[in-house]
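Engineer: Dropping the sequence and predicted coords here.
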Amino acid sequence: MDESKAISPEIKGLFETIKRQALEYSKAFEFFEETRQKIVQTQSELEDFAKHLSKELDERYHLLENTINDFISDFQQKHSSIENVFKELTRIEFLKNELERMYSDLKIQMLKVDNLLKTLENKLEMEFETYSKNLTDKFQNQVESTLKMLEVKYALKFKSIDEKISNFDQKLLNQTVSQTRFSKIVYDEIDTLKEKLEQFKQILYEERQRIEARFGEFSEELNKKFIKLDQILTQFEQQTQTTLQSSETSSEKFRDELKTAFQQLNEIRSQQYRIETKFKNILIIVSAMFILVVLVVLLIK
Amino acid sequence: MAKQIKPKRIFEELAELGVLDDLLKYQWRKFYEQNEKFRDDVNEILLKYSPGEATVLEKYLLEQLCQSLEFFIDYTKVWMNRKL
């Protein structure tokens, strides 16, 4: 396109200048825009960071608030306890002062009481002396009168007791006399009983000796019979041996002889048993009688 | 794009003769100032076909420049007044 002649060179120069400046402005605006974008981005980042920071700060604040609240409550509690301790201390101090005051008051009161007690003691001693004097006089009078009354009363009683004792002595004398008579009779009876017992013992001893002698005789007789029986048995054995050797025909005779021998042996055994039982019975009766006599003697004693 | 062949307009011939500027300045001044379409059309013809300086066009362009600069100044006024 051809250059226009309608516009003067000054105006063209002006437009060129303005165009150049516009380009510069455009560059500047682009730079501004980039910077603005960066600023916006940075701003958004900063806002995010601020949000994050505020959130974290909120959390920390809450945490800190809770910690501080806990600390405050703990502190208040401790403060209240310390206050109580201080109150107790003031109360103790007050009580101490009060105690000191009371101690001083008590000292004064004790001095007063001591004085009072001394005066009272003196008075009491005086009163006690007069009262004791009166009382001893009165007591002596009373004792004397009572003693007189008691003397009379006990003299009468002693008299009656003496009479009763003499009566009892008489009765006791009579009783002892009758008792000695009775005991003499009893002793005589015991002596006769002892004599009888001795006689009975003698009889029993003699009877025992007799039974033992009879038993000895019997046992001797029995021994003799046993010896005889042994002889018979030996003889019988010899005979049986001879007869067995001689003949078998004499067996019937030998059987009869054997039968009679066994019968004799049985009779001897039954007799021995009867004698033994009789002797045992006699021994039991004698021992029972002896025990009975001993019991009677013990009962009499 | 192929250049179209068309008949020359009266305004183009007037512009080539160097009288259109004066006509617009004195004769059709009101119409030129009021009708925007006409003004744009005539300004383009002046720019293409005028053999000498057209004061009307220059004046118009300077006025437009002034308006643009005023707009620019107004637009950047906020930044200029901002204190760092």
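Structural biologist: Yes, it's here. Residues are numbered from 1 along each chain as shown, chains lettered A, B, ... in the order given.

Engineer: Quick one: name the residues of chain B near chain A.
Structural biologist: By CB under 8 Å from any CB of the partner chain, the residues of chain B that approach chain A are B:21, B:46-48, B:50-54, B:57-58, B:61-62, B:65, B:69, B:72. The way it works is simple: take the backbone N, C-alpha and C, and place the C-beta from them, glycine included.

Engineer: Can you tell me which of these has the most neighbours?
Structural biologist: When neighbours are counted by other CB atoms under 10 Å in any protein chain shown, B:Ala54 leads those with 29 neighbours.

Engineer: Restricted to helices, list the residues of chain B next to chain A.
Structural biologist: Among those, DSSP state H puts B:Asp21, B:Leu46, B:Leu47, B:Lys48, B:Leu57, B:Glu58, B:Leu61, B:Leu62, B:Leu65, B:Leu69, B:Phe72 in helices.

Engineer: how about these in a markdown table, adding pLDDT?
Structural biologist: Listed next are those as a markdown table, based on pLDDT from 0 to 100:
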| residue | pLDDT |
| --- | --- |
| B:Asp21 | 91 |
| B:Leu46 | 92 |
| B:Leu47 | 91 |
| B:Lys48 | 91 |
| B:Leu57 | 90 |
| B:Glu58 | 90 |
| B:Leu61 | 89 |
| B:Leu62 | 91 |
| B:Leu65 | 89 |
| B:Leu69 | 89 |
| B:Phe72 | 87 |
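
Engineer: following the helix or strand where A:Glu34 lies, which helix or strand comes up?
Structural biologist: Element membership for A:Glu34 (DSSP states H and E) is helix A:9-246. Next along the chain after helix A:9-246, taking DSSP H and E as the criterion, comes helix A:251-300.

Engineer: Would you check how far apart the residue of the stretch 201-301 of chain A found nearest chain B and A:Ile185 are?
Structural biologist: Of all residues in the stretch 201-301 of chain A, A:Leu298 sits closest to chain B, at 153.9 Å by CB to the nearest CB. Distance from A:Leu298 to A:Ile185, counting by CB to CB, to the nearest Å: 20 Å.

Engineer: How about B:Leu62?
Structural biologist: With the distance defined as CB to CB, B:Leu62 ends up 197 Å from A:Ile185.

Engineer: does B:Lys8 count as helix, strand or coil?
Structural biologist: Here B:Lys8 is coil, with the state taken from DSSP: H, G, I helix; E, B strand; the rest coil.

Engineer: so what's the residue of chain A found nearest chain B up against?
Structural biologist: In chain A, the residue that lies nearest chain B is A:Ala6 (3.8 Å; CB to the nearest CB). A:Ala6 makes contact with B:Asp21, B:Leu46, B:Leu47, B:Ser50, B:Gly52, B:Glu53, B:Ala54, B:Leu57, B:Glu58 under the criterion CB atoms under 8 Å, 6 or more residues apart in numbering or on different chains.

Engineer: For the residues you listed, name the two members farthest from one another.
Structural biologist: For the contacts of A:Ala6, with distances taken as CB to CB, the pair at the greatest spread is B:Leu47 and B:Gly52 (12.4 Å).

Engineer: Any regions of chain B where pLDDT drops low?
Structural biologist: Applying pLDDT under 70 to chain B flags residues B:1-3, B:81-84.

Engineer: Can you give me the separation between the residue of chain A closest to chain B and B:Leu62?
Structural biologist: From A:Ala6 to B:Leu62 the distance is 13 Å (CB to CB).

Engineer: just A:Glu195 next, same as before
Structural biologist: Applying CB to CB, the value for A:Glu195 to B:Leu62 is 200 Å.

Engineer: residues from chain A in reach of chain B?
Structural biologist: When proximity is defined as CB under 8 Å from any CB, chain A approaches chain B at A:Ser4, A:Lys5, A:Ala6, A:Ile7, A:Ser8, A:Ile11, A:Leu14, A:Phe15, A:Ile18, A:Tyr25.

Engineer: give me that answer again for 7 Å
Structural biologist: A:Ser4, A:Lys5, A:Ala6, A:Ile7, A:Ser8, A:Ile11, A:Ile18 (CB under 7 Å from any CB of the partner chain).

Engineer: Among those residues, which pair sits farthest apart?
Structural biologist: Farthest pair in the residues of chain A next to chain B (CB to CB) is A:Lys5 and A:Ile18. Separation: 20.1 Å.

Engineer: Now stretch A:278-288 - C-alpha only, CSV.
Structural biologist: Provided in CSV are the C-alpha atoms of stretch A:278-288 (Å, rounded to 0.1, in the frame of the first residue of the first chain):
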residue,chain,number,x,y,z
LYS,A,278,-16.2,-133.5,138.6
PHE,A,279,-12.9,-132.2,139.8
LYS,A,280,-13.3,-128.9,137.8
ASN,A,281,-16.8,-128.4,139.3
ILE,A,282,-15.5,-128.9,142.8
LEU,A,283,-12.6,-126.4,142.2
ILE,A,284,-15.1,-123.8,140.8
ILE,A,285,-17.5,-124.2,143.8
VAL,A,286,-14.6,-123.9,146.3
SER,A,287,-13.1,-120.8,144.7
ALA,A,288,-16.6,-119.1,144.6
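
Engineer: Determine how far it lies from the middle of the whole chain.
Structural biologist: Relative to its parent chain, stretch A:278-288 has a centroid offset of 60 Å by CA atoms, centre = their mean, to the nearest Å.

Engineer: Great, nothing more from me.
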